[in-house]
Each structure stands twice: as C-alpha cells, then as structure tokens.
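Student: need a 3D model of the sequence below.
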Amino acid sequence: MSRWGMVCCLMCEWLALAVWVGGLLVLIGAVIPAVFNTFGGQDSGGLFLTRAFEGYNHFVIGAIAVLSAGLWYRWWCGDPAVAVSRSELAVLAGMVVIAGIIIVVLHPYAAALQAQAFAVKEEAARKAAFEALFRILMPGRSLYIVNLVLGILLIGIKAKRSLDRNRVFA
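Tutor: Residues are numbered from 1 along each chain as shown. Sure thing, here's the model as predicted:
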C-alpha cells in the first residue's frame, strides 16, 4: 500500500460522500423550492424535479461504486490506521439498501404514475392519479431524508476516526 494510494482512496471516499449528501441538500434546500416558485405549473415543475432526481440518482450510483471500492481497498490493505469499522460498514450498507429501494423501485414507479397523471385529461381521473402519485412520493421523500441523515452520520464517523487517529481529542 502506498501512502499516496491511500490518500487518493480517502479523498475519493470523501468526495463521493460530499456528492451524496451535498447533492441531496441542494435538491431539498434549493432546487425544490425554486422549481415550485418559478415554474408555471405542477406538470412542468414535477417533470423537472423527476429529471433532477434521476440525475441525482445516477450520481448516487457512482458514489456507491466509489465508496464501496474505497472501503474494499482499505479492508484489503489491512492497515489499522485506515481500518473499516463495523459502524462505518453498517451505515454505508443501510445507505446502499435505501438508495437501491429508491432507485430500483420507488422512483421508476413514481415516474410512471406521474406520466399517467399528466396524460389524463378528465378532472376526477386526474385527481385520483395525482393522489396515487403523492401516496408513493411520501415514502420516497422519507427515505431520501433517512439517507441524508445516514450520510451525515457516516461523515461524522469518518471525522471522528480522523480525529482519533491524530489523537486530537482524548
């Protein structure tokens, strides 16, 4: 194991976490409010947000790959200074499972319901289609928030390990 290889590994892990957590913070804190305060209607705003979350989900897939590769590399090297802790592994596994549920199940289903709701012209059927869409969006939103909290927790775990290694705090 080279020192620069490990520096690169850790840097990529931190960058992947920044993309994962930062991207979700930007979507929740800036993009969603801007869309619904700027776009003319529910249809165009909803379609834009669907596309934005699809893009974010692609970044999450990349972040999963980088975090998993970094974790494997640190485990493979066997250096106790960069050892993989159980808590780190458990939190990352939880994040990956939640992201998988969102990306593979909830988001495609919500996108299909959204397309159906936009296609319906009759008012009562349109209202029912949107109610079905909103019922599936609620667990999706909750899972995104849980994943955000887990990402912040993982950042805290990594920061604590960094401080422990440097013996900054006793």
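Student: right, and the helix or strand after whichever helix or strand Val7 is part of?
Tutor: Assessed by DSSP states H and E, Val7 sits inside helix 3-26. Next along the chain after helix 3-26, taking DSSP H and E as the criterion, comes helix 32-38.
Student: who does the helix or strand that comes right after that following helix touch, helix- and strand-wise?
Tutor: Moving toward the C-terminus from helix 32-38, the next helix or strand (DSSP H and E) is helix 42-77. Helix 42-77 makes packing contacts with helix 3-26, helix 32-38, helix 86-100, helix 107-119 when contacts are defined by 3 or more CB pairs under 8 Å, 6 or more residues apart in numbering; DSSP states H and E. Yep, even glycine has a C-beta here, placed from its N, CA and C like the rest.
Student: buried residues in the shortest one?
Tutor: What it means is helix 32-38. Judged by neighbour count (16 or more other CB atoms under 10 Å), helix 32-38 contains these buried residues: 32, 35.
Student: what sits up against that helix?
Tutor: 45, 48-49, 52 (CB atoms under 8 Å, 6 or more residues apart in numbering).
Student: and with 10 Å instead?
Tutor: The contact list for helix 32-38 (CB atoms under 10 Å, 6 or more residues apart in numbering) reads 26-27, 42, 44-49, 52-53, 141.
Student: can you put those in JSON lines and add distance to Met11 and neighbour count?
Tutor: As requested, those are arranged in JSON lines below (distance: CB to CB, whole Å; neighbours: other CB atoms under 10 Å):
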{"residue": "Val26", "distance to Met11": "21", "neighbour count": "13"}
{"residue": "Leu27", "distance to Met11": "24", "neighbour count": "18"}
{"residue": "Gln42", "distance to Met11": "42", "neighbour count": "12"}
{"residue": "Ser44", "distance to Met11": "39", "neighbour count": "13"}
{"residue": "Gly45", "distance to Met11": "37", "neighbour count": "17"}
{"residue": "Gly46", "distance to Met11": "37", "neighbour count": "20"}
{"residue": "Leu47", "distance to Met11": "36", "neighbour count": "17"}
{"residue": "Phe48", "distance to Met11": "33", "neighbour count": "16"}
{"residue": "Leu49", "distance to Met11": "31", "neighbour count": "18"}
{"residue": "Ala52", "distance to Met11": "27", "neighbour count": "16"}
{"residue": "Phe53", "distance to Met11": "27", "neighbour count": "23"}
{"residue": "Arg141", "distance to Met11": "32", "neighbour count": "14"}
